[in-house]
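*Asks:* structural data only, the sequence is not supplied:
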């Protein structure tokens, strides 16, 4: 099964030397699933010929906001709608979560409550608390019609959305580990994220994460177009 990865953001050079770009992180995390991969840097205007170029699709995170004026955003939203119409499984992370929601009729905005940084706890569809890294200020405010909210927190009401048989998206980053997130805090945080939030994230950076379970959810959806059944 071939997974097409749409890269919507660029990792800062100091971190890219060690961790690669966002598609590299996902390829590493999903490697055990037996997929083959191809990446298109849509952030640089590089788009696939159409949804038929892969069997399933993944949209990465990005520092950009979906309300910004970038030439690649309208064709990305059009591609999302084409992918759904073509019945190809689609998953999205952070920015990917947001842009899929907007493309399918939802509302996304800069959250007035501010930033969410570092390990955060979410209730995933009644399965109990799951801890995943976050790095965002924007979030889905109103999901598209037909989307089901399957994870939430006190800070982020729509932290994961299931579009039955079509797409599965999450706001936090199951591809981020503690060293990479700490690098983001050091390289991108100062002057952007309030210092108290950065300090709190550093203090909690080694909190155990539920990344493996979240990655398994992505794999299962890409293969079966549904989430695995798990007891709470």
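*Replies:* Thanks, I have it. Keep in mind it's a predicted model, so treat the numbers as computed, not measured. Residues are numbered from 1 along each chain as shown.

*Asks:* what segments of this structure are helices?
*Replies:* For the chain, applying DSSP state H gives helices covering 13-19, 22-30, 73-85, 95-103, 178-187, 195-203, 211-224.

*Asks:* any idea which of the ones you listed is most buried?
*Replies:* helix 95-103 (a mean of 26; mean count of other CB atoms under 10 Å). C-beta: built from backbone N, CA, C; applies to glycine.

*Asks:* how about residues contacting it?
*Replies:* Contact with helix 95-103 is made by 6, 8-9, 58-62, 64, 66, 73, 76-78, 80-81, 90, 92, 107-108, 138-140, 143-144, 147, 158, 160-161, 163, 167, 169-171, as judged by CB atoms under 8 Å, 6 or more residues apart in numbering.

*Asks:* ditto for stretch 184-191
*Replies:* Contacts for stretch 184-191 (CB under 8 Å, 6+ apart): 12, 14-15, 63, 117-118, 135, 176, 193, 198, 201-202, 205.

*Asks:* just the closest of these to residue 183, please.
*Replies:* Taking CB to CB as the measure, residue 183 lies nearest residue 15 of those, at 4.6 Å.

*Asks:* surely the closest one meets residue 180?
*Replies:* Yes. Counting by CB atoms under 8 Å, residue 180 is a contact partner of residue 15 at 6.6 Å.

*Asks:* overlap in contacts of those two?
*Replies:* With CB under 8 Å, 6+ apart, residue 15 and residue 180 have no common neighbours.

*Asks:* how far away from the center of its chain is stretch 86-94?
*Replies:* Here the centre of stretch 86-94 is set off from its chain's centre by 11 Å, with CA atoms, centre = their mean, to the nearest Å.

*Asks:* buried ones in it?
*Replies:* By 16 or more other CB atoms under 10 Å, the buried positions in stretch 86-94 come out as 88-94.

*Asks:* and which of the residues you listed is nearest to residue 21?
*Replies:* Of all these, residue 21 sits closest to residue 93, with 13.6 Å by CB to CB.

*Asks:* excluding its backbone neighbours, what's nearest that closest one?
*Replies:* Excluding the flanking residues, the one nearest residue 93 by CB to CB, 6 or more residues apart in numbering is residue 61, at 5.3 Å.

*Asks:* and for that neighbour, the neighbour number?
*Replies:* Residues near residue 61, counting by other CB atoms under 10 Å, number 26.

*Asks:* surely it is in contact with residue 11?
*Replies:* No. Contact criterion CB under 8 Å: residue 61 and residue 11 do not qualify, at 9.9 Å.

*Asks:* joint contacts of the two?
*Replies:* With contacts taken as CB under 8 Å, 6+ apart, residue 61 and residue 11 have residue 22 as neighbours in common.

*Asks:* residue 118 pairs with what?
*Replies:* Using DSSP bridges, the bridge partners assigned to residue 118 are residue 134.

*Asks:* you'd agree it is up against residue 206?
*Replies:* No. Using CB under 8 Å, residue 118 makes no contact with residue 206, being 10.3 Å away.

*Asks:* most centrally placed residue in this structure?
*Replies:* In the chain, the C-alpha closest to the average C-alpha coordinate belongs to residue 93, at a distance of 0.8 Å (CA atoms, centre = their mean).

*Asks:* show me the contacts for it.
*Replies:* 26, 58-61, 169-170, 173-175 are the contacts of residue 93 under CB under 8 Å, 6+ apart.

*Asks:* thanks a lot, catch you later.
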